[in-house]
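Asks: model the following, please.
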Amino acid sequence: MANILENNFSDILKTDAYAFLQSNEHLGKHVILLGLAGSYSYGTNNESSDIDVRGVALNRKSDLIGMTSFEQYVDIETDTTIYGLNKLITLLLNCNPNTIELLGLNSEHYLYLNNFGKELISNAKLFLSKRAIQSFGGYADAQLRRLQNALARDSYPQSEREQHIFNSVKNAMYDFQKRYQHFENGAIHIYIDKAACSDFETEIFIDTNLTHYPLRDYQNIWNEMHNIVRDYDKIGKRNRKKDSNHLNKHAMHLIRLFMMAIDILEKGEIITYRSKEHLLLLEIRNGAYQKSDGTFREEFYELLNEYENKLDYAAAHTTLPDNPDMEAVQAYLMSVNEKVVHDEIS
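Replies: Numbers count the residues shown, from 1 in each chain. All right, here's what the predicted structure looks like:
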């Protein structure tokens, strides 16, 4: 990869751990962009931060007009995810936070960038729309729920913890309708009632009435609900210091998501590295807003409320379109894929 940029991180691509970049049939010359992800890309890294890499690869000729397919490649050992361009475009169209941030890195955080990668970045504004309100808001809500749920496991009475589990399961059920075979409302019904278990005050119950329903979909639904409950049952088995670090990291990412969303809606810009808010985010991550009992000070919730109000204002006054210009996006994607089909990549 002759176009590897000169910076402090690019040498990692030359190590044996990243040999898959050359050996995998979907990668190699098809890779157009590699960049840092996670804490290093946000400017919130500390001495324990891992190096995460995200990237983009062109779909191969056989993916476009043949019988092969490629959506993404994941290497767990190096925490690397590389998206196929076609898959990436679908995520970018919804302003998916985990992928849209790849188009707004600091220049020194791009580890590899060729002309196709530069063209993708130059077209970043094609993907910005009011969809960011829902996508970033949804991610922020999930982050807040993680924070609330973690605190609930440690400091709330059993009945309130049960309510948090119920909220998490109910939230997951909304998503089930998108991902699994449709079932009529009421076919799976969850609710809280007086506990049958003698150790509980209240308990979650479920009523099911399904017929001719795919077994694998039902298994997946059950497993996801089981995993939510299981996570709460780990009380007393957790490393308190590690939990504190995770809580503060959740809190930091919650505020960071608001910051990025506001930039997109107000300025039409993707700003991944938070230089202006660097100290604030590090303070949150380092526990400046956490009390000795693990809960968060009132100042944090005031800060959260401030950013929620800013996002509401930005959403109400943004000049971004409701949806991306699909014709422009299609023209861009077709121009790239035509070059692949005509063997015009080096």
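Asks: use CA for all of it now, contacts and neighbours both
Replies: OK.
Asks: and for the helix or strand harbouring Gln134, what are the contacting residues?
Replies: For Gln134, the host element (DSSP states H and E) is helix 131-155. The contact list for helix 131-155 (C-alpha atoms under 8 Å, 6 or more residues apart in numbering) reads 94-97, 160-161, 164-165, 168, 232, 235, 247, 250-251, 253-255, 257-258, 261, 264-265, 294-295, 315, 322-323.
Asks: and those, which are buried?
Replies: 94-97, 161, 164-165, 168, 232, 247, 250-251, 253-255, 257-258, 261, 264-265, 294-295, 315 (16 or more other C-alpha atoms under 10 Å).
Asks: give me the neighbour count for the residue lying closest to Gln290 once chain neighbours are set aside.
Replies: Distances taken as C-alpha to C-alpha, 6 or more residues apart in numbering place Phe296 nearest to Gln290, at 4.4 Å, with adjacent residues excluded. If you count neighbours by other C-alpha atoms under 10 Å, Phe296 ends up with 19.
Asks: before we move on, what about Ser122?
Replies: 11.
Asks: try Tyr40
Replies: 17.
Asks: try the one 4 residues further on
Replies: Neighbouring residues of Thr44 were enumerated by other C-alpha under 10 Å; the total is 26.
Asks: ok so it is a strand residue?
Replies: No: counting by DSSP: H, G, I helix; E, B strand; the rest coil, Thr44 is not found in a strand; it is coil.
Asks: hmm, it is touching Leu281, no?
Replies: Yes: between Thr44 and Leu281 there is a contact under C-alpha atoms under 8 Å: 6.8 Å.
Asks: which residue ranges of this structure form helices?
Replies: 20-23, 39-42, 61-65, 85-93, 97-100, 115-122, 131-155, 158-179, 215-232, 240-267, 278-285, 298-317, 326-341 (DSSP state H).
Asks: show me where pLDDT drops low in the stretch 51-200 of the chain?
Replies: Confidence mapping of the stretch 51-200 of the chain against pLDDT under 70 gives the ranges 149-157, 160, 164, 171, 174-175, 177-181, 183-186.
Asks: against Thr68, how distant is the residue nearest the centre of the chain?
Replies: In the chain, the C-alpha nearest the mean C-alpha coordinate belongs to Asn98, at 4.2 Å (C-alpha atoms, centre = their mean). Applying C-alpha to C-alpha, to the nearest Å, the value for Asn98 to Thr68 is 26 Å.
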